[in-house]
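Participant: have a look at this prediction, sequence included:
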Amino acid sequence: MKKFLIPIMIVAILVALYQQASAEKNVYIMVCAIAVFMFGMMQLSAKTPSKNQDKEDDNV
């Protein structure tokens, strides 16, 4: 899944940067690119363990 998300996120950021630099800015394309990037970041960060996971396990 990680191998699939990272290239899609890179393409989304490149599209957003290209739209920002162009003379005619299409807001819908930029919003979609940012949404794809944020969804990818959410999926990647969901697999990262919390720093306080050990403390939460001790309190239970």
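Facilitator: Arrived safely.
Participant: who's in contact with Phe4?
Facilitator: Residues in contact with Phe4 (CB atoms under 8 Å, 6 or more residues apart in numbering): none are found. Where C-beta positions appear, they are placed from N, C-alpha and C, glycine not excepted.
Participant: what helix or strand is it on?
Facilitator: Here Phe4, judged by DSSP states H and E, is contained in helix 2-21.
Participant: repeat for Met41
Facilitator: With DSSP H and E as criterion, Met41 is part of helix 27-45.
Participant: how distant is that helix from the center of its chain?
Facilitator: The offset between the C-alpha centroid of helix 27-45 and the centroid of the whole chain comes to 5 Å, using CA atoms, centre = their mean, to the nearest Å.
Participant: for it, buried residues please.
Facilitator: For helix 27-45, the neighbour count (16 or more other CB atoms under 10 Å) marks Met30, Ala33, Val36, Phe37, Gly40 as buried.
Participant: give me the pLDDT for the second one.
Facilitator: So the one you mean is Ala33. Per-residue confidence (pLDDT) for Ala33: 92.
Participant: repeat for the first one
Facilitator: pLDDT for Met30: 91.
Participant: and the fourth one, by the same measure?
Facilitator: On pLDDT, Phe37 comes in at 92.
Participant: try Lys55
Facilitator: Listed pLDDT for Lys55 reads 62.
Participant: same question, the one 3 residues further on
Facilitator: At Asp58, the predicted lDDT confidence score is 59.
Participant: same check, this time on Lys51
Facilitator: Looking at Lys51, its pLDDT is 74.
Participant: return the distance of the residue nearest to Gln20 when sequence neighbours are not counted relative to Met42.
Facilitator: Closest residue to Gln20 apart from its sequence neighbours, by CB to CB, 6 or more residues apart in numbering: Met30 at 6.9 Å. As judged by CB to CB, to the nearest Å, Met30 and Met42 stand 19 Å apart.
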